[in-house]
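K.L.:
model the following, please.
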Amino acid sequence: MKSVKDKHIAIIGAAKSGVAAARMLQAGGARLFVSDSGEIEVSVRRMLDDCNIEYEQYGHSHKMQSADFAVVSPGVPTEAAAVQWYLKAGKPVYSEIEAASWFCESPVLAVTGSNGKTTTVNWMAHTRAVAGKPHLVAGNIGVAFSDMVRQTNPQTEIILETSSFQLDHIDSFRPKSSILLNITPDHLNRYANNFEKYAGSKLRISENQQSGDSVIYWNDDPLLKKHYSGPNENGPEKFAFSETVEVDKGAFVRNNKIFLNVKKKEEFIMNAAEVGLPGRHNLRNSLAVALSARLSDIDNEVIRESLGRFKGVEHRLERVREINGVCYFNDSKATNVNAVWYALDSFNAPLVLILGGRDKGNDYTELTGKIREKVHSIIAIGEARQTIQDQLKHAVPNFRSCPTLEEAVQAASAYANRGDVVLLSPACASFDMFASYEARGNLFKALVNNL
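P.N.:
Prediction:
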């Protein structure tokens, strides 16, 4: 545990993670100053007042610069002026998960990837719930790591969803187990449109791991395979998973059957067709879940039960309802092109696809092949709709640009025929029109239920 007693710490960003870090660090004896470039919510200001934590809003003053170091919320980019001031001054800048790790007493199972993080984290938690194994869930999934550290103990695993933003400013953060699902282009607007910078941030998840720790990675991702398949010198033990090839140590599929090979012993788990979530990407996620569970000494019978029973998470390929033979699915959490590709790959019915929102540097033409194969109508929404039209209009018989989600749902309903699927899978952030992807998905469900 790192002592912060009497340290003067600046918290940059007063969103959920920053506020949680402030509460945690104050409990550790630190003196806090919270600074936000925008307006701080009234409820947050009241909480800071109640805790006697100084703060400022609508900009960063010289007072923000006087701290020993800064803790930055994941929503604040490294290029932000406040962060740059600390870096140029040679003062440390730490992420919220780095700060929380100083107080964490639990073994950390950290999950990252461009797609599938939330599903995998929830699936891992479900497996431990079935096993009766103590666990906590935190991170990018919605509950700040800093808010959970007081509940941690050596007997309770904490499953942590980690984004690239949260990994940008780690220092000593060391998971007991790192799970890397995939790395594909996403959030490139935060990384100067440089995929290598984005990937490098993801790979930091395992940089402090040592002998006795483990890394679980997708063997079919060429970047991950190259990074983790080298010699192991006093580093974490490496376990691969693949749905296409057999691996020497890890999890794989052979003849549509799932096998684990963890302790130099091949073990049959279940038939791949019995996995509860559809789609090849979810088969892959299930391998990571099974491998993590086995490394936590969870019995194969429990793994089999969880892989078969788990039904997914809200806003990820969530079936809303069927109307006149048309099925509506909410995939609002698909905020990048790769996630939409996997969503399209999961369906065998003709599709009406609702795309759009705030663009993150996407190349929508990467979807052209799948769209021509599966989609007959695209409805584009949000700030990205002109870009989507320029890149994809030629790929479908029907294209419509709609300024609102309400109009998009009406248009999708008009284009859909009996036996079709209407899929909201935006490939974009929600912040042009909504506070979050959850708000976008909830409105979509409400609109569909009112058809």
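
K.L.:
any idea how far the closest residue to A30 other than its chain neighbours lies from A288?
P.N.:
Leaving out its chain neighbours, the residue that sits closest to A30 by C-beta to C-beta, 6 or more residues apart in numbering is V4, at 4.2 Å. Where you see a C-beta, it was placed from the backbone N, CA and C, and this is true even at glycine. Counting by C-beta to C-beta, to the nearest Å, the gap from V4 to A288 is 34 Å.

K.L.:
same question, H281
P.N.:
11 Å.

K.L.:
what about the protein, any weak spots by pLDDT?
P.N.:
186-188 (pLDDT under 70).

K.L.:
hmm, back to that, and for the residue nearest to A30, the neighbour number?
P.N.:
23 (other C-beta atoms under 10 Å).

K.L.:
which residues touch it?
P.N.:
L25, G28, G29, A30, W102 (C-beta atoms under 8 Å, 6 or more residues apart in numbering).

K.L.:
would you turn those residues into JSON lines with neighbour count, distance to G75 and secondary structure?
P.N.:
Formatted as JSON lines, those follow (neighbours: other C-beta atoms under 10 Å; distance: C-beta to C-beta, whole Å; DSSP: H, G, I helix; E, B strand; the rest coil):
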{"residue": "L25", "neighbour count": "23", "distance to G75": "18", "secondary structure": "helix"}
{"residue": "G28", "neighbour count": "18", "distance to G75": "23", "secondary structure": "coil"}
{"residue": "G29", "neighbour count": "11", "distance to G75": "26", "secondary structure": "coil"}
{"residue": "A30", "neighbour count": "23", "distance to G75": "21", "secondary structure": "coil"}
{"residue": "W102", "neighbour count": "18", "distance to G75": "21", "secondary structure": "coil"}
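
K.L.:
just those now: which is nearest E407?
P.N.:
L25 (46.1 Å; C-beta to C-beta).

K.L.:
next up, the contacts around the closest one.
P.N.:
Counted by C-beta under 8 Å, 6+ apart, L25 has contacts V4, K7, I9, I11, L32, V71, A99.

K.L.:
nearest to V275, of these?
P.N.:
Among the contacts of L25, and counting by C-beta to C-beta, the member closest to V275 is A99, at 37.1 Å.

K.L.:
now do that closest one against I12, distance only.
P.N.:
Counting by C-beta to C-beta - A99 and I12 are separated by 12 Å.

K.L.:
closest one to I381 out of the contacts of V4, please.
P.N.:
Nearest to I381 among the contacts of V4, with distances taken as C-beta to C-beta, is L25, at 40.3 Å.

K.L.:
work out the gap between stretch 13-32 and the centre of the chain.
P.N.:
Computed by C-alpha atoms, centre = their mean, to the nearest Å, the chain-centroid distance of stretch 13-32 equals 23 Å.

K.L.:
what is the neighbour count of A81?
P.N.:
10.

K.L.:
ditto for Y191
P.N.:
23.

K.L.:
report the contact partners of it.
P.N.:
For Y191, counting by C-beta under 8 Å, 6+ apart, the contacting residues are S164, K197, Y198, S201.

K.L.:
farthest pair within the residues you listed?
P.N.:
S164 and K197 (9.2 Å).

K.L.:
neighbour count: those two, which is higher?
P.N.:
Neighbours per residue (other C-beta under 10 Å) separate S164 from K197, with S164 holding more: 25 against 15.

K.L.:
could I get the contacts of V4 as JSON lines with distance to T387?
P.N.:
Output for the contacts of V4, formatted as JSON lines (distance: C-beta to C-beta, whole Å):
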{"residue": "L25", "distance to T387": "41"}
{"residue": "G28", "distance to T387": "46"}
{"residue": "G29", "distance to T387": "50"}
{"residue": "A30", "distance to T387": "45"}
{"residue": "W102", "distance to T387": "42"}
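
K.L.:
spatially nearest residue to the residue nearest the centre of the chain, not counting backbone neighbours?
P.N.:
Centre of the chain computed as the mean C-alpha position; nearest residue by C-alpha atoms, centre = their mean is K117, 4.3 Å away. Of all residues beyond its chain neighbours, the one nearest K117 is E161 (4.9 Å), with distances taken as C-beta to C-beta, 6+ apart.

K.L.:
next: R304.
P.N.:
Using C-beta to C-beta, 6+ apart, the nearest residue to R304 is M270, at 4.7 Å.

K.L.:
now do the SS call for that neighbour.
P.N.:
At M270, secondary structure determined by DSSP: H, G, I helix; E, B strand; the rest coil is strand.

K.L.:
can you give me the distance of it to I303?
P.N.:
For M270, the distance to I303 - C-beta to C-beta - is 8 Å.

K.L.:
quick one, which of those two is more surrounded?
P.N.:
I303 (25 against 18).

K.L.:
now do the contacts for the more buried one.
P.N.:
Taking C-beta under 8 Å, 6+ apart, one finds T127, I269, V289, A290, A293, R294 in contact with I303.
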